[in-house]
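Q: sequence and predicted structure below; questions after.
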Amino acid sequence: MAVDVLLGLQWGDEGKGKIVDVLSPKYDLIARFQGGPNAGHTLEFDNQKYVLNTIPSGIFNEKTMNLIGNGVVIDPIILKRELENLKKSGFDPVAANKLVIARKAHLILPTHQLLDAASESKMGEGKIGSTLKGIGPTYMDKTGRNGLRVGDTMLVDFKEKYDRLVNKHKSILAHYGEIPDFSEKEQAFFEAIEYLKTIPQVDSEHYVNQFLREGKSVLAEGAQGALLDVDFGSYPFVTSSNTTAAGACTGLGIAPGKIGSVIGIFKAYCTRVGGGPFPTELHDETGEELRKIGHEFGATTGRARRTGWIDLPALKYAIMLNGVTELVMTKADVLSGFEKIYACTHYEYNGEKIDYMPYDICSVPANPIYEEIDGWNEDLTGIKTIGEIPAKLEAYVKYIEQHVGVPVKYLSVGPDRVQTLVLN
Ligand code: GDP
Ligand code: IMO
Ligand code: MG
């Protein structure tokens, strides 16, 4: 057996949560491998909407196990809140033995969030637009070999380790100015740590490989998107983890040869939240319309998402980086009613026509060159069979497939579980 990977091919919020939930009945285990509560994965079914930050999106499927992998960074306060909210909605993954957590996953401390905020406020105009969840500072402590891990909470000297790290953070924070009072947050943190300790801890590398040895199926769930990858995204306007397929290996403890299908998910247009280059961004009424119709407001921060047309050079790049074997197109319904749709096929960059993302895209603008495509008028949200797909939408899907060379296997036409079509 192999581990299939589902990941975002744009700047996040492609609909990963929805599609993982749809696919989860096919899998025995759903495993998050990177990112943290900067993620907001939305699922809808039975007229209910759920937003998950840390918990894998297989949690609503009765037979599926869920693992928070070692590559994830965990804010115990947020995780506790997520689990309590689920319990209120009638789902209790801990009681149902459906959730395990890697003891090698790193912890986000209250002071990591203060460092995130301090760093962002110092950057002024050039700020990343981080979610302020402490993601960057936590990964910095991980690679800087200072971090605290979930397994450390079980050690007798956990508090000493915590104090040592917080003192280090305080000395850094002092350089930024006055250190805000975080005593309440700290109290909540330690309460949440006690809660965290009730979730079974595992070594994700052994856990996932054991599933494979037993012939069980595993889906690795990505967070963020390929263009936010710390190595290959629009650096420095990226997140602090490898969001691409390789991240599934390091974030769970599986060998590259154990990767099976790579399912790449993209919106029928583009969005981005936070700072950084976005070649096809629309600053006009059309952009506003996409935001309104697509409800393009962040699931985690509520921020308005920037919107624009599909960017094929960026999509091709993301497909190459991830070795994508099949595609999912979401939010096709949002484009209904647009007389014309535009697809960026190249950039005009430094006076040349190119079809790749250039290194210095953050300083030299890459201006989109578009092809015009006929839109469709039909409302897609009630479509149940592929025979009902309007011809113009079918042509748009084919057009993208031809450009990127990978088939679109699923088409999503609304936020609900049932609004999903299998194409081929
Ligand atoms: P994720 O971070 O990739 O899981 O995506 P988010 O949940 O942050 O954002 C996707 C948003 O689009 C959520 O509000 C989903 O409910 C919604 N969504 C997902 N697929 C579709 C779709 O096909 N059509 C529409 N209209 N909304 C969708
Ligand atoms: P999901 O999993 C969209 C963006 C932030 C910011 C940059 C760095 O829901 O797709 P960070 O807090 O990670 O240091 O922020 O990355 N960002 C996301 N944008 N969806 C996400 O997650 C994101 N997670 C981070 O807006 O620009
Ligand atoms: Mg999201």
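A: That came through, no problem. Ligands and ions are numbered 1, 2, ... in the order given.

Q: list the contacts of residue 111.
A: Residue 111 makes contact with 165, 166, 169, 170, 173, 182, according to C-beta atoms under 8 Å, 6 or more residues apart in numbering. The way it works is simple: take the backbone N, C-alpha and C, and place the C-beta from them, glycine included.

Q: so how far is stretch 85-99 from its chain's centroid?
A: Centroid displacement of stretch 85-99 relative to its chain, using C-alpha atoms, centre = their mean, to the nearest Å, is 22 Å.

Q: just the CA coordinates for it, please, in PDB.
A: Coordinates of each C-alpha in stretch 85-99 appear next as PDB, following Å, rounded to 0.1, in the frame of the first residue of the first chain:
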ATOM      1  CA  ASN A  85     -16.600  22.600  19.600                       C
ATOM      2  CA  LEU A  86     -16.700  19.200  17.900                       C
ATOM      3  CA  LYS A  87     -18.000  17.700  21.100                       C
ATOM      4  CA  LYS A  88     -20.800  20.300  21.200                       C
ATOM      5  CA  SER A  89     -21.800  19.300  17.700                       C
ATOM      6  CA  GLY A  90     -22.100  15.700  18.700                       C
ATOM      7  CA  PHE A  91     -18.600  14.500  17.600                       C
ATOM      8  CA  ASP A  92     -16.100  13.400  20.200                       C
ATOM      9  CA  PRO A  93     -13.000  12.100  18.400                       C
ATOM     10  CA  VAL A  94     -11.100  11.500  21.600                       C
ATOM     11  CA  ALA A  95     -13.800   9.500  23.300                       C
ATOM     12  CA  ALA A  96     -14.400   7.600  20.000                       C
ATOM     13  CA  ASN A  97     -10.600   6.800  19.700                       C
ATOM     14  CA  LYS A  98     -10.400   8.400  16.300                       C
ATOM     15  CA  LEU A  99      -7.600  10.800  16.900                       C
END
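
Q: residue 60 against residue 46, yeah?
A: No - using C-beta atoms under 8 Å as the test, residue 60 is too far from residue 46 to be in contact (9.8 Å).

Q: so which of the contacts of residue 111 sit within strands?
A: Using DSSP state E, no member of the contacts of residue 111 falls in strands.

Q: put the buried members of these into a PyMOL selection.
A: Only the buried entries of these go into this PyMOL selection, using 16 or more other C-beta atoms under 10 Å:
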select buried, resi 165+166+169+173+182
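
Q: so who does residue 253 touch?
A: Contact analysis of residue 253 by C-beta under 8 Å, 6+ apart lists 69, 70, 203, 204, 205, 206, 208, 209.

Q: rerun at 6 Å
A: Taking C-beta atoms under 6 Å, 6 or more residues apart in numbering, we find residue 253 in contact with 204, 205.

Q: again with residue 215
A: Counted by C-beta under 6 Å, 6+ apart, residue 215 has contacts residue 1.

Q: now, which of the contacts of residue 111 sits nearest ligand 3?
A: Among the contacts of residue 111, residue 182 lies closest to ligand 3 (C-beta to the ion), at 26.7 Å.

Q: returning to what we had before: neighbour count winner among residue 60 and residue 46?
A: residue 60 (21 against 8; other C-beta atoms under 10 Å).

Q: my read: residue 381 touches residue 333, true?
A: Yes - using C-beta atoms under 6 Å, residue 381 is in contact with residue 333, at 5.1 Å.

Q: between these two, what contacts are shared?
A: Here residue 381 and residue 333 have 413, 414 as joint contacts, going by C-beta under 6 Å, 6+ apart.
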